[in-house]
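Enquirer: predicted structure and sequence below. I'll ask about it afterward.
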Amino acid sequence: MRILHFGDVHLPLPPGAMRLSEMLHPKRLPALLNFWARRGTKYREGVGKLNALGAFLRAHPADWILYGGDSVNFGLRGELIAAAPRISSVLEMARKGAVTVPGNHDLYTGRSVKDFQRWFSFGNRNERPEVAVAQGGFPRVRFLSEEVVCVTLSSSLPHLAFWNSSGRVPTRELEALKRVLDDPEIGGRPYVLILTHYPLDEAGFFHGLRNANEVAQVLHGRKNLHLLNGHNHAPYSRFLPGTDIPVHCAGSLSKKGCESFLVYEPFGGSLNPRRARYSKAAWTLEEA
Ligand SMILES: [Fe+2]
Ligand SMILES: [Fe+2]
């Protein structure tokens, strides 16, 4: 089985997306200055890199695609409407299906949350709808095969200050996660993937997961877990501190100079991650 994991595309602002009524939100004006000053130029080729991912998938099909969110920059309605078909057309290339979570830039303001739910309804199938407790129907469970199950959590939420890009797994959702992992049908599978936007092992106050320590308590001592995240724009693989639980970050598909996504081929208890790199308008997978 081949699983492709990507996210943090941060597609460029489409023409006409900046409507005055939305841009007057107190968070967006300083964020826009920051975007023009330094952020926007690093991601401006996102559409081309996404199209190149489509070409890669045609040549090297994936059974499943896991998508970690942050499709846009400001959660504007025009951005979300333009981004949705671009992202979904790539996810539809998976042979069996796709699983998605929202990023903090998708749920930028309270209004973005509603727009996101309307336009980004793909990849959110839940095979255990009875466990859903949080906004957007999380946690969600998707059985990828007899051996592999993917549980998703919503860790992104809107903030008023643009410099606050922290996340949080709501307490109710965390309690539901415990119940999900205690279920032998789910937690007993040889591979239990937990897909989130935020890294579950980073408690940084302004950019991390505010309740990372609480989350770690739920995860400690459990077997077969693999934590998959984005939000950090450079990829890495490491272990949840004090455990042998692997953590894999897909990085950003589009950030100039460190473009990446990961491909997993579960075998022998490992996901065996391989990083893809972008050069000359094409993606290539590193050798195992
Ligand atoms: Fe991001
Ligand atoms: Fe993010």
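Expert: Thanks, I have it. Numbers count the residues shown, from 1 in each chain. Ligands and ions are numbered 1, 2, ... in the order given.
Enquirer: what about stretch 173-185, average pLDDT?
Expert: Per-residue pLDDT values over stretch 173-185 give a mean of 97.
Enquirer: how about that stretch: buried residues?
Expert: 173-174, 176-177, 180-181 (16 or more other C-beta atoms under 10 Å). All C-beta spots, glycine's among them, are computed from the backbone N, C-alpha and C.
Enquirer: identify the bridge partners of Tyr278.
Expert: Under the criterion DSSP bridges, Tyr278 forms beta bridges with Trp283.
Enquirer: for ligand 1, state which of the buried residues of stretch 173-185 is nearest.
Expert: Glu173 (20.9 Å; C-beta to the ion).
Enquirer: measure the residue sitting nearest the centre point of the chain to His10 for me?
Expert: Centroid-nearest residue in the chain: Gly68, 1.2 Å away (criterion: C-alpha atoms, centre = their mean). When distance is defined by C-beta to C-beta, to the nearest Å, Gly68 is 12 Å away from His10.
Enquirer: tell me the secondary structure at Val151.
Expert: With DSSP: H, G, I helix; E, B strand; the rest coil as the basis, Val151 sits in strand.
Enquirer: tabulate the buried residues of stretch 173-185 (TSV), appending secondary structure and distance to ligand 2.
Expert: Formatted as TSV, the buried residues of stretch 173-185 follow (DSSP: H, G, I helix; E, B strand; the rest coil; distance: C-beta to the ion, whole Å):
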residue	secondary structure	distance to ligand 2
Glu173	helix	18
Leu174	helix	20
Ala176	helix	23
Leu177	helix	20
Val180	helix	24
Leu181	helix	25
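Enquirer: in JSON lines: those residues, plus distance to Gln135.
Expert: Below are the buried residues of stretch 173-185 laid out as JSON lines (distance: C-beta to C-beta, whole Å):
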{"residue": "Glu173", "distance to Gln135": "9"}
{"residue": "Leu174", "distance to Gln135": "14"}
{"residue": "Ala176", "distance to Gln135": "13"}
{"residue": "Leu177", "distance to Gln135": "15"}
{"residue": "Val180", "distance to Gln135": "17"}
{"residue": "Leu181", "distance to Gln135": "21"}
